[in-house]
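*Asks:* Prediction below, plus the sequence it came from.
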Amino acid sequence: MDINNINSDDYSLADFAGYKGEDLFEVKEAFWNFYQDAIAKGYMIYGNPISSAPVAEFNAYDRFQDHERKFLNFCSYNYLGYSFHPEVIKTVQETLARYGTGAVSAPLLSGYYDLTKKLENAIARFKDKEDAIVFSTGYGANLGTLSCLLKPGDIAVLDILSHASIHDGARLAGAEIKIFSHNNAEHLERILQSINTKRAIVCIEGIYSMDGDMVNLPDIVAVCKKYGARILLDEAHSTLIFGENGRGVAEHFGLEDQIDISIGTFSKSFGALGGFAAGDKKLITYLRMFARSYVFSCAIAPHTAAGILKIIELYQHDKSHRDQLWKNTSYMQSKLKEAGLDTGGTESQIIPVIIGSDKKLRKISKIIYDKGLYTGVVTYPAVSSKRTRLRLSMSSYHTQEQMDKCVAIIKETIDSNP
Ligand SMILES: Cc1ncc(COP(=O)(O)O)c(C=O)c1O
């Protein structure tokens, strides 16, 4: 690579993740030149600041037009619209006035508030587990849990589509990582046959974040039980969406008691920030003392805890947002399919529209962006550079008109750019 003469058409982000120059900082020069060229060509649509609530239409700064404008938003994880629910906002505002803006300490010191404790208890009750620990992010929940439970030489057995936080937790632990093909219980079985399962954990997700498909939980659980392997299930995108009580995919399949560690985030359906691990009391007690992303990081703000507590209360009495989300999801899935678009194997509110090469994604994403549609534009490192995609996040607040407009923009753009 001639770093002073980079044509962004010839490279993808993957080329810079692994770039190793003579000098440690050479990578920043190389990437800067790629980045500037990509912006000049209109490819780099990431990082345009949004200046209104993450609802169905929001305002964002457009760096190409150098002003703010309105976009149709199919990108936020605000699945149930709770981030701007009036009662949640009122509770958060009242708590903010009483407790101030932040926890201002790590949880083991003075960052643990009565509201944090209440939230942990509420999560444990909600998830029907003995105990729960609240982390300041969902990323930290996976990172802290896996990195403290696994010891060097142990084995993390991961679905190939596992989230980065799961990979990173296993890596930080110094564990050996074994990958099984997506949702493939037979491949998993072959791996489990060949390892000491007493020192291994199988990590899976309820709904896979880039494809929106559901874990094949019955088969995976059966194999894990056969070989005595423990299971970590990340329900980041399935909490409040799946299961009669919203506890996720494990509840949906009636397999909750088979899951050793249940992970969740507050950054998706809860519309807030933070994450949790739920499990038996002894496990959670150990995590509290040794999960480094918990011990060495500031705790979630009391007002965030209060908002989430309010959502749990509201949700128990009223699941109409979820009902509406499911109606919107079915509508959108069928409209996209009718339009002949490739939505992969989605079974949820996360709907990918598979584009293919990185180059094609750049072109398509810029056009739909110019037309005022904001979707996830997903390429390496989140997915392979060959299966890039637009990722639509559905919400209860989308109207039929907005969904139709979204489908029309994507279809006409893809059809005219084969
Ligand atoms: C499956 C999964 N786990 C964990 C996380 C991390 O959660 P957070 O964004 O709350 O840190 C995400 C975020 O996208 C995710 O998709």
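*Replies:* That came through, no problem.
*Asks:* Give me every residue in the stretch 151-300 of the chain lying close to the ligand.
*Replies:* When proximity is defined by CB under 6 Å from any ligand atom, the stretch 151-300 of the chain lies next to the ligand at 163, 165, 205, 209, 234, 236, 237, 265, 267, 275. For the C-beta atoms, the positions are set from N, CA and C on the backbone; glycine is no exception.
*Asks:* ok, so of the residues you listed, who is nearest residue 223?
*Replies:* Distance to residue 223, by CB to CB, is smallest for residue 205 among those, at 16.5 Å.
*Asks:* Can you report how many residues lie near that closest one?
*Replies:* As a burial measure, residue 205 scores 27 neighbours (other CB atoms under 10 Å).
*Asks:* Then residue 5?
*Replies:* A count of neighbours around residue 5, defined by other CB under 10 Å, yields 8.
*Asks:* Next, it: phi, psi?
*Replies:* phi -140, psi 70 (degrees, to the nearest 10).
*Asks:* Report pLDDT for it.
*Replies:* Per-residue confidence (pLDDT) for residue 5: 90.
*Asks:* With residue 61 instead?
*Replies:* For residue 61, pLDDT reads 93.
*Asks:* a strand runs through it, doesn't it?
*Replies:* Yes. Counting by DSSP: H, G, I helix; E, B strand; the rest coil, one finds residue 61 located in a strand.
*Asks:* Now do residue 226: how many residues are near it, please.
*Replies:* With other CB under 10 Å as criterion, residue 226 counts 12.
*Asks:* Ok, residue 136 next?
*Replies:* Neighbours of residue 136 (other CB under 10 Å): 24.
*Asks:* give the contact list for it.
*Replies:* 273, 274, 275, 293, 297, 298, 299, 300 (CB atoms under 8 Å, 6 or more residues apart in numbering).
*Asks:* Number of residues surrounding whichever residue of the chain sits closest to the ligand?
*Replies:* Nearest residue of the chain to the ligand: residue 138, at 2.4 Å (CB to the nearest ligand atom). Number of residues near residue 138 (other CB under 10 Å) recorded here: 22.
*Asks:* got it, and residue 186?
*Replies:* Using other CB under 10 Å, residue 186 has 10 other residues around it.
*Asks:* Check the gap between it and residue 347 for me.
*Replies:* Separation of residue 186 from residue 347 (CB to CB, to the nearest Å) stands at 21 Å.
*Asks:* repeat for residue 60
*Replies:* 30 Å.
*Asks:* The two - which one has more neighbours?
*Replies:* A count of neighbours by other CB under 10 Å puts residue 60 above the other of residue 60 and residue 347, at 20 against 17.
*Asks:* distance of that one from residue 268?
*Replies:* 20 Å.
*Asks:* Could you do residue 74 as well?
*Replies:* Taken as CB to CB, the span from residue 74 to residue 268 is 15 Å.
*Asks:* List the buried residues for the helix-or-strand element of the chain with minimal mean pLDDT?
*Replies:* In the chain, no helix or strand scores lower on mean pLDDT, DSSP states H and E than helix 13-17, which sits at a mean of 88. Counting neighbours by 16 or more other CB atoms under 10 Å, one finds that the buried residues in helix 13-17 are 13, 15, 16.
*Asks:* Just send those residues back as a markdown table, with distance to the ligand too.
*Replies:* Formatted as a markdown table, the entries for these read as follows, by distance: CB to the nearest ligand atom, whole Å:
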| residue | distance to the ligand |
| --- | --- |
| 13 | 17 |
| 15 | 24 |
| 16 | 22 |
